[in-house]
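Engineer: any chance you can model this:
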Amino acid sequence: MHKTKIAMQTAKTTLKNKWHHVIAVFCIVAAALGVKLLFQSLVGMIFSQNLSSSASVLVATVITLVATALELFCFCPLYIGSARWLWQTVAGADEPLDTLFYYYETKADYKKAIDIGFGFIWRIYGYFLICSLPFSVATWAKGLIANSGYFAKSVQNAVFMFWIVLGIVGVILFIALIARHFLVLPVIFSDDKIDPFDAFRVSNAIAKGRVSSVLLMLLRFLPLIILCIFALPIVWVVPYFAASLLTYSRFSIVDYKMSAIRSQNPCENAE
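Structural biologist: So this is what the prediction gives:
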């Protein structure tokens, strides 16, 4: 049986009889995310009225950056604390809910959470720019060709299909690049002394050859994710996926450490 499937089954078994706590944690995190989105929406409506299209884009960009900063400094420690709580819970610990606020307790822990969040944010924005650039250029070219009147309909259709393919490839590439860092938080949770920036490096080393497994797990969850369109299942699907990913991460870290031990003792392996 593939380890991702084992991780999913293990997570489901571990969370049994703990779902009331898991859903409570999800609601707390969702409320924090909702505050950020509400702030972004309200400020956008206030400052985007009666503006030209170019000015609206500029204002929207500034508001997005401000909202991201708000999320980073106010809510990022909560997000990471909730992941830490779930990490301990899927390991069998009976964690109290107040450990969600672990990264607010000391200045050092708060700084660590901010460093982790910043490391994710600049990578996400960077990957998004890289993956969306070809699609953006294709969008511009598609509009230029469609409005020029000099190209046959078959050429426009071919450009349109190419535009769709670029969009799909960009999304897949973006997900694959982000998936390379799925072990950052587990690495930090398993070693409190590790520097957040080193955690990204270690995560990339462990993730080699395992990203495809994470994408396979995502595909296994795809039917459940589609059900989230109806809103209510999301309170179960998101924690279940997170718990499964953390469980698989624990397997991966253990396998990586065992491989490192075996490589340091080749004589014992030969025996």
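
Engineer: contacts and neighbour counts: CA atoms only from here.
Structural biologist: Will do.

Engineer: list the contacts of the helix or strand where Leu86 lies.
Structural biologist: According to DSSP states H and E, Leu86 maps onto helix 76-90. The contact list for helix 76-90 (C-alpha atoms under 8 Å, 6 or more residues apart in numbering) reads 11, 14-15, 22, 25, 29, 94-95, 97, 99-104, 110, 113-114, 117, 185-186, 189, 243, 246-247.

Engineer: just the CA trace of that helix, in PDB.
Structural biologist: This file holds the C-alpha atoms of helix 76-90, laid out as PDB (Å, rounded to 0.1, in the frame of the first residue of the first chain):
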ATOM      1  CA  CYS A  76       0.600  33.900  10.900                       C
ATOM      2  CA  PRO A  77       1.600  32.700  14.400                       C
ATOM      3  CA  LEU A  78      -1.900  31.400  14.900                       C
ATOM      4  CA  TYR A  79      -1.800  29.500  11.600                       C
ATOM      5  CA  ILE A  80       1.500  27.900  12.500                       C
ATOM      6  CA  GLY A  81       0.400  27.200  16.000                       C
ATOM      7  CA  SER A  82      -2.700  25.400  14.700                       C
ATOM      8  CA  ALA A  83      -0.500  23.300  12.500                       C
ATOM      9  CA  ARG A  84       1.700  22.500  15.500                       C
ATOM     10  CA  TRP A  85      -1.400  21.600  17.500                       C
ATOM     11  CA  LEU A  86      -2.500  19.200  14.700                       C
ATOM     12  CA  TRP A  87       1.100  17.800  14.400                       C
ATOM     13  CA  GLN A  88       1.000  16.900  18.100                       C
ATOM     14  CA  THR A  89      -2.600  15.600  17.900                       C
ATOM     15  CA  VAL A  90      -1.900  13.200  15.000                       C
END
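
Engineer: next SSE after that helix?
Structural biologist: Following helix 76-90 in sequence, per DSSP H and E, is helix 107-148.

Engineer: report the angle between that following helix and helix 76-90.
Structural biologist: 110 degrees (axes from the mean of the first three to the mean of the last three C-alpha atoms, to 10 degrees).

Engineer: next one: the helix or strand encompassing Phe39 to chain centre, how far?
Structural biologist: Assessed by DSSP H and E, Phe39 sits inside helix 19-47. Helix 19-47 has its C-alpha centroid displaced from the chain centroid by 16 Å (C-alpha atoms, centre = their mean, to the nearest Å).

Engineer: again with stretch 130-143
Structural biologist: Using C-alpha atoms, centre = their mean, the offset of stretch 130-143 from its chain centre is 24 Å.

Engineer: and the gap between Met8 and Val237?
Structural biologist: 12 Å (C-alpha to C-alpha, to the nearest Å).

Engineer: ok, those two, which is more surrounded?
Structural biologist: Met8 (23 against 16; other C-alpha atoms under 10 Å).

Engineer: isn't the more buried one right next to Ser244, touching?
Structural biologist: Yes. Using C-alpha atoms under 8 Å, Met8 is in contact with Ser244, at 4.7 Å.

Engineer: of the contacts of helix 76-90, grab the buried ones for PyMOL.
Structural biologist: Listed next is the PyMOL selection for buried residues among the contacts of helix 76-90, using 16 or more other C-alpha atoms under 10 Å:
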select buried, resi 11+14+15+22+25+29+100+101+102+103+104+110+113+114+117+185+186+189+243+246+247
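
Engineer: isn't Pro134 up against Val165?
Structural biologist: No. If you go by C-alpha under 8 Å, Pro134 and Val165 don't touch, sitting 10.7 Å apart.

Engineer: more crowded one of these two?
Structural biologist: The neighbour count for Pro134 versus Val165, taken as other C-alpha under 10 Å, is higher for Pro134 (16 against 13).
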